[in-house]
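S.K.: Sequence and predicted structure, then a few things I'm wondering about:
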Amino acid sequence: MISKKASVGNAIVEGTAIIYGESRIGDKSYIGGYSIIGYPSKETLEKMYLYNKNPAYEETRAPHYLQIGDVDIGNGAVIGSWCVIRSHVVIYERVYIGDRVRTGHHVLIREDSRVGDNTLIGSGTIVDGHVVIGSGVSIQSGVYIPSMVVIKDNVFIGPRVVFTNDKYPPSRRLVETIVEEGAVIGANSTIIAGVRIGKRAVVAAGSIVTRDVPDDMVVMGIPARVVMRRDEYEDKKLRYEKASKTHDL
């Protein structure tokens, strides 16, 4: 189902997809089956008659099935050109997706998030609203990104990385976490709320980052501590890539 208010360019939309509200989808993009674009936020749903006191509904207790007109609600989402949104992806309203963005399957991107051009978001990743993701970012599968996280351009985030936004959960104060340009975060790392990971910094796999990471430094451990510089890391990576089949460095 496609909202009458939506604008779909020269794109491919599988028949089982749903496009809500004033969504816009650019040319040459692909929207996979069972995906939902522009899914209404809580505020929009509360405006629907089903969620208000409706005497007729209260009297009959009849179920309400989604009708064609119902998908016209909400602000919709913006999907750029040459994007690939694979099956079972849910993108909420007021999300902006740039050009040439690719997702895996079962990705969730909540409202008021922004994703830059040429970014990859792996299967099972959750972007939990009010998140900024830059261009050229590679997010592997199963990553959790809550609100108030800013990920700048050309960052690599390994699988199962978890960001947090609350130092004393559950509190009433959420804080911003920032990952600067060119940083690398290894698999299964946890980033504690409020830290800044510097430009070209590297977080080793399995680390727990509890304090700011300086630019061009590599940190490792629980809690993460500086172990080398980025240039040393790059030298080791180069030797690893050139290693023989015996993996002898």
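M.R.: That came in fine, so what should we check first?
S.K.: Output stretch 13-23 as CSV - backbone C-alpha positions only.
M.R.: The C-alpha trace of stretch 13-23 is given here as CSV (Å, rounded to 0.1, in the frame of the first residue of the first chain):
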residue,chain,number,x,y,z
VAL,A,13,8.6,-1.1,-4.5
GLU,A,14,7.6,-4.7,-3.7
GLY,A,15,3.9,-5.2,-3.3
THR,A,16,4.0,-6.2,0.3
ALA,A,17,5.7,-2.9,1.4
ILE,A,18,3.7,-0.1,3.0
ILE,A,19,4.6,3.6,2.4
TYR,A,20,2.9,6.1,4.8
GLY,A,21,2.1,9.7,4.7
GLU,A,22,4.2,12.2,2.7
SER,A,23,7.1,9.9,2.1
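S.K.: From the rest of the structure, what touches that stretch?
M.R.: The contact list for stretch 13-23, computed with Cβ atoms under 8 Å, 6 or more residues apart in numbering, reads 1-3, 5-8, 25, 31-40, 71-79, 87, 93. C-betas here are computed from N, CA, C, even on glycine.
S.K.: How many residues are close by Val162?
M.R.: 16 (other Cβ atoms under 10 Å).
S.K.: OK, contacts around the nearest residue to Thr164 once chain neighbours are set aside?
M.R.: The shortest distance from Thr164 to any non-neighbouring residue, by Cβ to Cβ, 6 or more residues apart in numbering, is to Ala193 (4.6 Å). With contact taken as Cβ under 8 Å, 6+ apart, Ala193 is in contact with Thr164, Asn165, Asp166, Lys167, Leu174, Val175, Thr177.
S.K.: Okay, now the unreliable bits of this protein?
M.R.: 49-69, 244-249 (pLDDT under 70).
S.K.: In terms of residue numbering, what are the domains of it?
M.R.: For the chain, automatic domain parsing gives the domain ranges 1-98, 141-249.
S.K.: Need the ones you listed in TSV (columns: distance to Val132).
M.R.: Shown next, in TSV, are these (distance: least, Cβ to Cβ, whole Å):
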stretch	distance to Val132
domain 1-98	10
domain 141-249	5
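S.K.: And those: which comes nearest Gly124?
M.R.: domain 141-249 (4.6 Å; Cβ to Cβ).
S.K.: thinking again about what came up before, could you turn the buried ones of the contacts of Ala193 into a ChimeraX selection?
M.R.: To isolate the buried members of those in ChimeraX, using 16 or more other Cβ atoms under 10 Å:
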select :164,165,166,174,177
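S.K.: So which of the contacts of Ala193 are in helices?
M.R.: Assigned to helices by DSSP state H, none of the contacts of Ala193 qualify.
S.K.: Could you single out the nearest of the contacts of Ala193 to Gly98?
M.R.: Within the contacts of Ala193, proximity to Gly98 (Cβ to Cβ) peaks at Thr177, which comes in at 21.5 Å.
S.K.: in stretch 10-26, what's buried?
M.R.: Neighbour count says stretch 10-26 has Ala11, Val13, Ala17, Ile18, Ile19, Tyr20, Gly21, Glu22, Ser23, Arg24, Ile25, Gly26 buried, by 16+ other Cβ under 10 Å.
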